[in-house]
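> fold the stuff below for me.
(one chain, ligands or ions: 1)
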Amino acid sequence: MITNSEDRFKKIIAHCKEYGFIFQSSEIYDGLSAVYDYGQNGVELKNNIRDYWWKSMVQYHENIIGLDAAIFMHPDVWKASGHVDAFNDPLIDNKDSKKRYRADVLIEDHLAKLDEKIAKEVARAAERFGDSFDEQMFCQTNPRVQANRKKIEEINARFVPAMEQGLLGELKALIEELEIACPVSGSRNWTDVRQFNLMFSTQMGSASDGASLVYLRPETAQGIFVNYLNVQKTGRKKLPFGIAQVGKAFRNEIVARQFIFRMREFEQMEMQYFIRPGQENEWFDYWKDMRMRWHLSLGIPQEMFRMHEHDKLAHYAKAAVDIEFMFPFGFKEIEGVHSRTDYDLGAHQKVSGKKLQYFDPDINESYVPYVVETSIGLDRMFLAVISHALKEETLEDGSQRMVMNISPALAPVKVAVLPLVKKDGLPEKGREIFDKLKYDFHCQYEEKDAIGRRYRRQDAIGTPYCITIDHESLENDTVTIRKRDTMQQERIPTDKIASVVRKRIEIKPL
Ligand code: ATP
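Next up is the predicted model:
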C-alpha cells in the first residue's frame with residue numbers, strides 16, 4: 001500500500017527529474033545505484049546552499065577559515081583515523097527477498113516505532129485533558145507508556161554495547177527476539193550479521209611501479225586534521241579557531257534506497273573547531289545552537305527539526321547530537337555535531353610521528369587541541385529544502401499549481417523576464433531588461449507559451465519574481481513584478497527591479 005508520505009516522496013523525486021533538479025546517474029545505461037547527477041536547476045540550488053553555508057561559517061566568523069583538501073590522502077591517514085578498522089556497518093540479508101539491510105537500522109526502526117507509540121499515547125491524552133494535561137505525570141503513570149519505555153531501555157541496554165563492541169551475534173539475536181520482519185518479504189528468515197567496511201579503495205600508480213592502495217575519502221574531516229598546523233601557522237590563528245571545508249565524500253553504503261538521502265558519492269560541509277581541552281562542553285552547546293539557528297534562518301519551521309542525542313557513539317566521539325529533519329519518510333539525520341576530543345589529532349601525531357601540538361600563549365602550555373565539529377550533508381540539505389518547499393496548491397479558480405516556496409536566497413533562478421506577447425517590440429524590451437539584470441542575479445528570459453504557463457513553470461522551480469513586459473512598458477518604462485507565493489502583481493519602474501529583488505533575496509545574518 002502506498003501511504004501519503006510515500007506518495008509525496010515519489011512526487012518529489014518525479015518533480016526533481018521533470019524540472020531539471022536531479023537525474024539518475026548514467027540513466028541511459030539504467031543508472032548506477034545511489035549515484036545522482038544535478039541538472040540545470042539542481043546545480044544552482046546546490047551552489048546556493050553551499051554558498052550560504054560557506055558565508056555563514058567563514059565570512060561571518062572572523063576565526064574560521066577555509067580549506068580545500070584533496071580527495072586522495074595517504075593510506076595511513078585512514079589507519080590513524082580508525083576508518084580501516086572501525087568504519088563498518090553490520091549487514092544482514094533476508095534469505096527470501098534477497099534484500100540487504102543494515103542490522104542496526106532494523107533495530108533503530110523498531111525503537112522508533114516504540115517511540116511513535118508513546119508519542120501517540122501522549123498526543124491522545126493531551127487532547128483529552130486539554131490545558132490541565134501534565135505530560136511528565138502522565139508518562140510516569142500510564143501503564144502503556146511505561147511498558148514501551150521499559151522495552152526501549154531493555155533493547156538499548158543490549159543494542160548499545162553490541163554496536164560499541166561489534167557483537168554481531170547479539171545484533172542477530174536482537175533482530176530475532178524482537179521478531180523484526182523483512183519489510184519486503186515479511187519473513188524472518190535472516191542470514192548472520194556480517195561487518196562491512198564502507199570505504200571505497202583503488203590503486204594509485206601503475207602495477208609495474210608497485211601501485212599502492214588508496215581510499216576515496218569517506219569524510220572530509222581528515223583533510224582538515226592533517227592540515228591543521230599548516231593552516232594555524234600560516235593563518236596565524238590563536239585558539240579557538242575553525243577550519244571549514246566542502247567536498248565530496250564516498251561511502252559504499254549497504255542500503256541505498258532513499259534517493260539523495262543516502263548516496264555512495266555525496267558532498268559534505270564540515271567545520272572543525274579547535275579548542276583548549278576542558279572547553280569542549282561549552283563549545284559543543286554553542287555549535288548545536290548555532291547550527292540550529294542556521295537551519296531556521298532559511299525559513300523552515302522549528303517543528304520540522306529535532307535534536308537527537310546519541311546513545312551509541314562513533315569510534316571518535318565523546319558526545320554527539322544529530323540534528324534531524326522531518327523528511328517525507330520520517331525524522332532522519334541531516335547534520336551531526338560531534339565532540340571529538342583530541343582523538344584524531346592525537347592519533348595522527350602518533351602514527352605520523354609529527355608533533356601536532358599548539359602552544360597556548362595565554363596559559364604558557366603546549367597541548368593537542370580538542371575538536372568540536374559540525375558536519376552536514378549538502379545533498380541531504382538539498383532534499384530537506386526541496387521536500388519542505390514543494391507544495392501542490394489549489395487556486396481560487398479551482399486550478400492546481402505546483403509551487404516551490406523555497407527561500408528566495410536559495411532559489412535557482414531569482415528573476416524570470418517574460419514579455420507578454422512575442423511581438424510589438426515587447427521581446428526587444430524584455431531582452432534589454434534581461435541583459436541589465438543578468439549581471440546582478442541569475443535570470444531567465446522566456447517568451448514561449450502563454451504567460452500563465454510560463455508563470456507555472458517558474459513557480460515549479462521556485463523563482464521568487466516574474467517580470468512581465470506589456471504594452472504599457474513601452475510607454476512609461478514600467479513592468480509588472482509578480483511574487484511567487486502570493487501571485488500578486490505590482491507595477492514598478494524598470495530601474496527599481498534590481499533593488500526590489502535584492503531586498504528579498506538577502507538572508508539576515510544569524
Ligand atoms: P547515517 O547514520 O545516516 O549513515 P552518519 O551518522 O554516518 O549518517 P556522518 O558520518 O555524521 O553521518 O556524516 C555527516 C553528514 O554527512 C550526515 O549528517 C549526512 O548529512 C551526510 N551523509 C552521511 N552519509 C551520507 C550518504 N551516504 N549520503 C548523503 N549524505 C550523507
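
> which parts of the lengthiest helix in the chain are buried?
The longest helix of the chain (DSSP state H) is helix 103-129. The neighbour-count check on helix 103-129 (16 or more other Cβ atoms under 10 Å) flags 103-107, 110-111, 114, 118, 121-122, 125 as buried. Heads up, the C-betas are built off the backbone N, CA and C, glycines and all.

> and it, what does it pack against?
strand 88-93, helix 135-141, helix 143-165, helix 168-177 (3 or more Cβ pairs under 8 Å, 6 or more residues apart in numbering; DSSP states H and E).

> need the buried residues of helix 103-129 in a markdown table (columns: distance to Ser399 and pLDDT).
Converted to a markdown table, the buried residues of helix 103-129 look like this (distance: Cβ to Cβ, whole Å; pLDDT from 0 to 100):
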| residue | distance to Ser399 | pLDDT |
| --- | --- | --- |
| Ala103 | 49 | 94 |
| Asp104 | 47 | 92 |
| Val105 | 42 | 91 |
| Leu106 | 44 | 94 |
| Ile107 | 47 | 95 |
| His110 | 44 | 94 |
| Leu111 | 44 | 93 |
| Leu114 | 44 | 93 |
| Ile118 | 42 | 93 |
| Glu121 | 42 | 91 |
| Val122 | 40 | 90 |
| Ala125 | 42 | 90 |
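
> dump those into JSON lines; add distance to the ligand as well.
What follows is these, written out as JSON lines (distance: Cβ to the nearest ligand atom, whole Å):
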{"residue": "Ala103", "distance to the ligand": "13"}
{"residue": "Asp104", "distance to the ligand": "9"}
{"residue": "Val105", "distance to the ligand": "8"}
{"residue": "Leu106", "distance to the ligand": "14"}
{"residue": "Ile107", "distance to the ligand": "13"}
{"residue": "His110", "distance to the ligand": "16"}
{"residue": "Leu111", "distance to the ligand": "14"}
{"residue": "Leu114", "distance to the ligand": "19"}
{"residue": "Ile118", "distance to the ligand": "22"}
{"residue": "Glu121", "distance to the ligand": "27"}
{"residue": "Val122", "distance to the ligand": "26"}
{"residue": "Ala125", "distance to the ligand": "32"}
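
> residue of the stretch 401-510 of the chain closest to the ligand, please.
The ligand sits closest to Leu410 of the stretch 401-510 of the chain, with a gap of 17.0 Å, by Cβ to the nearest ligand atom.

> up against the ligand, what does the stretch 251-400 of the chain have?
251, 253, 262-263, 266, 268, 333-336, 375-377, 379-380 (Cβ under 6 Å from any ligand atom).

> list buried members of these by neighbour count.
For those, buried by 16+ other Cβ under 10 Å: 251, 253, 262-263, 266, 268, 333-336, 375-377, 379-380.

> closest to Met326 among these?
Ile334 (9.8 Å; Cβ to Cβ).

> so the closest one makes contact with Glu324?
Yes: the criterion here is Cβ atoms under 8 Å, and Ile334 meets it with Glu324 at 6.6 Å.

> between those two, which contacts overlap?
Counting by Cβ atoms under 8 Å, 6 or more residues apart in numbering, Ile334 and Glu324 have no contacts in common.

> so the residue in the stretch 251-400 of the chain that the ligand sits nearest to bridges to which residues?
The stretch 251-400 of the chain approaches the ligand most closely through Gly377 (2.4 Å), counting by Cβ to the nearest ligand atom. Beta-bridge pairing of Gly377 under DSSP bridges involves Gln268.

> contacts only, for it.
Applying Cβ under 8 Å, 6+ apart, the residues contacting Gly377 are 266-269, 334-335.

> same deal with Arg100?
91-93, 254-255.

> looking at those residues, state which has the most neighbours.
Ile92 (24 neighbours; other Cβ atoms under 10 Å).

> so where's the chain uncertain?
The model of the chain has pLDDT under 70 over residues 1-4, 207-211, 311-317, 509-510.

> per the record, what domains does it have?
Domains of the chain are assigned by automatic domain parsing as 41-78+199-404, 100-178, 413-504.

> as TSV, the ones you listed with distance to Asn189 would be great.
As requested, these are exported to TSV (distance: least, Cβ to Cβ, whole Å):
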stretch	distance to Asn189
domain 41-78+199-404	18
domain 100-178	11
domain 413-504	45
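
> nearest spatial neighbour of Ala126, skipping sequence neighbours?
Phe133 (4.8 Å; Cβ to Cβ, 6 or more residues apart in numbering).

> thinking again about what came up before, next, the angle helix 168-177 makes with the longest helix of the chain.
40 degrees (axes from the mean of the first three to the mean of the last three Cα atoms, to 10 degrees).

> so how far is helix 103-129 off the chain centroid?
With Cα atoms, centre = their mean, to the nearest Å as the basis, helix 103-129 stands 24 Å off its chain's centre.

> does Glu282 count as helix, strand or coil?
With DSSP: H, G, I helix; E, B strand; the rest coil as the basis, Glu282 sits in helix.

> cool, and the one 4 residues further on?
Classification of Tyr286 into helix, strand or coil gives helix, according to three-state DSSP.

> roughly how far apart are it and Thr374?
10 Å (Cβ to Cβ, to the nearest Å).

> neighbour-wise, which of those two wins?
Using other Cβ under 10 Å, the more surrounded residue of Tyr286 and Thr374 is Thr374, with 23 against 15.
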